[in-house]
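Engineer: 3D, please:
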Amino acid sequence: MDLFEVLHLDELSHGLANLSMFPYFDMAHYMVSVMALREQPGALDVSRVSPIACWFSSMLFCFGGAVLSAIMLAEPAVAPLSNSTSVLLASVIWYLVFYCPMDLVYCTAALLPLRLVLSGMKEVTRTWKVLGGVTQAHSKYNDSLLVMIAIGWARGAGGGLISNFEQLVRGVWKPETNELLKMSYPTKITLIGAVLFSLQQTHYLPLQKHHLMLLYTVFTVVNKSRMMLTGSSTSPFAVIESAVYKTLFTGYSPYSALTGEVNNPCIDNGATNTTTSTADKRRESSENGEAGQHSPVPPVKGQSESLKAKDESGNTETASCKKTD
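Structural biologist: Numbers count the residues shown, from 1 in each chain. Have a look, this model is predicted:
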C-alpha cells in the first residue's frame, strides 16, 4: 500500500507480523487473565477452599479461546493443553498471583503503569489469536466466510464466551451474565477483528495482511490504554451501535434514530390499573350523587366528643331542674 510506504510503516508492519508471542507476550496474556479471574467476586475464597477448581478456572481464562475453537472445529478440546511449556508457564503465574506471600506479585502487577503495559501486550496477542483462528478455519472451510468469522471470534474471545461454564466450575451460576446477552468491549472488538481478517483472507478487503495487523493492533492497544487511563468502560462504537439498534431493531420509524423520537412501547400495568380504579371510583361517586344516594359520613373524632359533651351537659341541666321542682 502506497500510504504505508510513504509513512515508512511497511517495515514496521512486517516486523510486527514476524514478532514472536512466546514467552513475553504470552506471559502478559496469562498475567492479565489470571488477575481478571482473581478480581471476580468470590474467586479468592474459592482459591483458599479448592485450589484445583481455581487452577482449572485459570486455565479456562488463559486457553478458553483455543478450547472453544477446537470444539467448534470438531477437534479434541484438550489439544490446547498439549503444549506443556505454555501450561506450566500459566500455572506458575496462577500460583504467584493467588498464593505469593504478602501478595507481592499481584500488588506489583496491579500498579497502573505496569498493568497498562501488560494490557497493551495482551491486546497484541489478541491480533494473533484472531488471525490464527481465521487462518485455521480458512484451511478447512475455504469459502465459508461465516465459519471463519465464528472461529476467529471464538479464538480471540473464547474466555468471555465460555464465562458461564467457568463460573460453574467455581460454583457460581449466573445465566444473565451470558456474553451474548450483553457483550463486553473485548468481545465486540474481537468480533470486529474476526470480520476484518475474514474479509481480508477471502480477498473482499483490498488490504495486505501485515498492514491490517498493524492497523488493528494499534487501534486495540491505543483504545485499551485510553479506557484504562480515563477509567471509562464506554465502547468507542456506542454511538454507531445505538443508531443501528434504533434504526433496525426497535420496530419504529427508521428516522427515529436521527430525530431522537422514540416512543415507549410498554405501558405500566400497575399505573393503568390505578388510573382505571380511580376513574371507576369517581364514576361511581358521580352516579351516586346524581341518584341522590348520599352515603352517611362518619363524624370526625373532635365533633363526636363535642356532641357527647353537649348531651352530658343537657342531661345535667335536666336533672337539676327536676330536683328544683
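Engineer: Ser69 and Arg226, how far apart?
Structural biologist: Ser69 sits 29 Å away from Arg226, going by C-beta to C-beta, to the nearest Å. Where C-beta positions appear, they are placed from N, C-alpha and C, glycine not excepted.
Engineer: out of the two, which sits in the busier spot?
Structural biologist: Ser69 (26 against 11; other C-beta atoms under 10 Å).
Engineer: Report the contact partners of the more buried one.
Structural biologist: Ser69 sits next to 133, 136, 151, 154-155, 158 when contact means C-beta atoms under 8 Å, 6 or more residues apart in numbering.
Engineer: among those residues, who's most crowded?
Structural biologist: Of all these, the highest neighbour tally under other C-beta under 10 Å goes to Gly133, namely 32 neighbours.
Engineer: In terms of secondary structure, what does the helix or strand hosting Val124 contact?
Structural biologist: If you go by DSSP states H and E, Val124 is part of helix 112-140. Here helix 112-140 touches helix 24-38, helix 51-72, helix 104-109, helix 145-161, helix 185-201, helix 209-230, going by 3 or more C-beta pairs under 8 Å, 6 or more residues apart in numbering; DSSP states H and E.
Engineer: Kindly export stretch 212-229 (C-alpha atoms) in CSV.
Structural biologist: Extracted C-alpha coordinates of stretch 212-229, given in CSV (Å, rounded to 0.1, in the frame of the first residue of the first chain):
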residue,chain,number,x,y,z
LEU,A,212,-4.2,-4.9,8.6
MET,A,213,-2.5,-6.5,11.6
LEU,A,214,-0.7,-3.2,12.2
LEU,A,215,-3.8,-1.1,12.0
TYR,A,216,-5.9,-3.4,14.2
THR,A,217,-3.2,-3.8,16.8
VAL,A,218,-2.5,-0.1,17.1
PHE,A,219,-6.2,0.6,17.4
THR,A,220,-6.8,-2.0,20.1
VAL,A,221,-3.7,-1.0,22.1
VAL,A,222,-4.4,2.7,21.9
ASN,A,223,-8.1,2.4,22.8
LYS,A,224,-7.4,0.0,25.7
SER,A,225,-4.8,2.4,27.1
ARG,A,226,-7.3,5.3,26.7
MET,A,227,-10.0,3.3,28.6
MET,A,228,-7.6,2.4,31.4
LEU,A,229,-6.2,5.9,31.8
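Engineer: shift numbering so it begins at 46
Structural biologist: Renumbered: residue one is now 46, and that last one reads stretch 257-274.
Engineer: any idea of the mean pLDDT for it?
Structural biologist: The average pLDDT within stretch 257-274 is 95.
Engineer: and it, how far out from the chain's middle?
Structural biologist: Remark: stretch 257-274 is offset 20 Å from the chain centroid, using C-alpha atoms, centre = their mean, to the nearest Å.
Engineer: for that stretch, which positions count as buried?
Structural biologist: 257-266, 269, 272 (16 or more other C-beta atoms under 10 Å).
Engineer: quick revisit: need the winner for burial among the helices and strands packed on helix 157-185.
Structural biologist: Among the helices and strands packed on helix 157-185, helix 190-206 has the highest mean neighbour count (mean count of other C-beta atoms under 10 Å), at a mean of 24.
Engineer: between it and helix 96-117, how many degrees?
Structural biologist: Compare the direction of helix 190-206 with that of helix 96-117 by axes from the mean of the first three to the mean of the last three C-alpha atoms, to 10 degrees and you get 170 degrees.
Engineer: other SSEs contacting the helix or strand just after helix 190-206?
Structural biologist: Next helix or strand after helix 190-206 toward the C-terminus (DSSP H and E): helix 208-214. The helices and strands touching helix 208-214, judged by 3+ C-beta pairs under 8 Å, 6+ apart, are helix 96-117.
Engineer: pLDDT of the helix it packs on, averaged?
Structural biologist: The average of the pLDDT scores along helix 96-117 is 96.
Engineer: returning to what we had before: just the contacts of Ser114 now: which is nearest Met66?
Structural biologist: Lowest distance from Met66 to these (C-beta to C-beta) belongs to Arg200, with 13.3 Å.
Engineer: Cool, thanks, talk later.
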